[in-house]
Structure formats: C-alpha cells, structure tokens
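Student: Make a model of this:
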Amino acid sequence: MGITHKQPLPRRELLMRLVLLGTSTLISILVLEFALRLLSPPSPFTRLIPLRPRYKTQFHLANFNGMSLHPRYSTNKWGLRGEELTFPPFSLAG
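Tutor: Numbering: from 1, shown residues only. Next up, the predicted model:
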C-alpha cells in the first residue's frame, strides 16, 4: 500500500477538458433559457407588451371615454409591474 502520485495532465488534454466544460455549460444555459422563455407567464394584457425588466412604454388611444388617452406601462427591475422592490424590506443597519 504505497502512495501513488498522479502525473499532471498534458496541456492538450487540459485544454480539451476546459473546452468541453465551457461548451457543455453554454449548451446547458441555452437550453435553460429556452425552457424558461417557454414556461414564463405571458403578459396578462397582450403578447405585444413584454414582461421585461425596466420596460417602459406609453400608449396613444383615441375615443376612450373615462380613460386616460395616454396610459403608461412600466415594469420594475424584476420584470413585474409596480414599484421597485427592495430586499431585504428592512434596514440591516442597527
């Protein structure tokens, strides 16, 4: 039962392993991104209004009695409608 020492990997093999790691990571991220885009909830109003972070637009309507003719639509940094959310919702400073 002696101690065996492993030889260091040759540069070419190390480079091939790094390329394989990078490629498989990139493919995994792309597949995950595609799946999330398929499963993410669409806008409740129309597919023409995306739920993207910090998205802002203004509509120009005509002949809508009782409504603003120039409504605004915006999302916060999380891609949700409403005010910016802060985390944590309380101060950590004493």
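Student: C-alpha from now on. contacts and neighbour counts both.
Tutor: OK.
Student: Mind telling me what element residue 38 is part of?
Tutor: helix 11-39 (DSSP states H and E).
Student: The following helix or strand past that helix pairs with which strands, and in what direction?
Tutor: Using DSSP H and E, the helix or strand that directly follows helix 11-39 along the chain is strand 56-58. When pairs are called by DSSP bridges, strand 56-58 turns out to pair with strand 72-74 (antiparallel).
Student: Go through the strand it pairs with and flag the buried ones.
Tutor: By neighbour count on 16 or more other CA atoms under 10 Å, the buried set for strand 72-74 is residue 74.
Student: ok, residues contacting it?
Tutor: 54-59, 81-82 (CA atoms under 8 Å, 6 or more residues apart in numbering).
Student: Residue 81 - how many residues pack around it?
Tutor: Residues within reach of residue 81, counting by other CA atoms under 10 Å, total 16.
Student: before we move on, what about residue 29?
Tutor: Neighbour count for residue 29, taken as other CA under 10 Å: 12.
Student: I'd like to know how far it sits from residue 72.
Tutor: Per CA to CA, to the nearest Å, residue 29 is found 34 Å from residue 72.
Student: One more: residue 8?
Tutor: In terms of CA to CA, residue 8 sits 62 Å off from residue 72.
Student: same thing with residue 79?
Tutor: 15 Å.
Student: where in the protein is pLDDT low?
Tutor: Applying pLDDT under 70 to the chain picks out residues 1-3, 5, 41-47, 50-51, 85-94.
Student: Would you map out the domains in it?
Tutor: For the chain, the structural domains run 11-40, 43-86, going by automatic domain parsing.
Student: Let me know which of those is the nearest to residue 4.
Tutor: domain 11-40 (20.8 Å; CA to CA).
Student: if we can go back for a sec, let's have the domains of the chain in JSON lines, adding distance to residue 4.
Tutor: Formatted as JSON lines, those follow (distance: least, CA to CA, whole Å):
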{"stretch": "domain 11-40", "distance to residue 4": "21"}
{"stretch": "domain 43-86", "distance to residue 4": "53"}
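Student: If anything else comes up later, I'll come back, but that's it for now.
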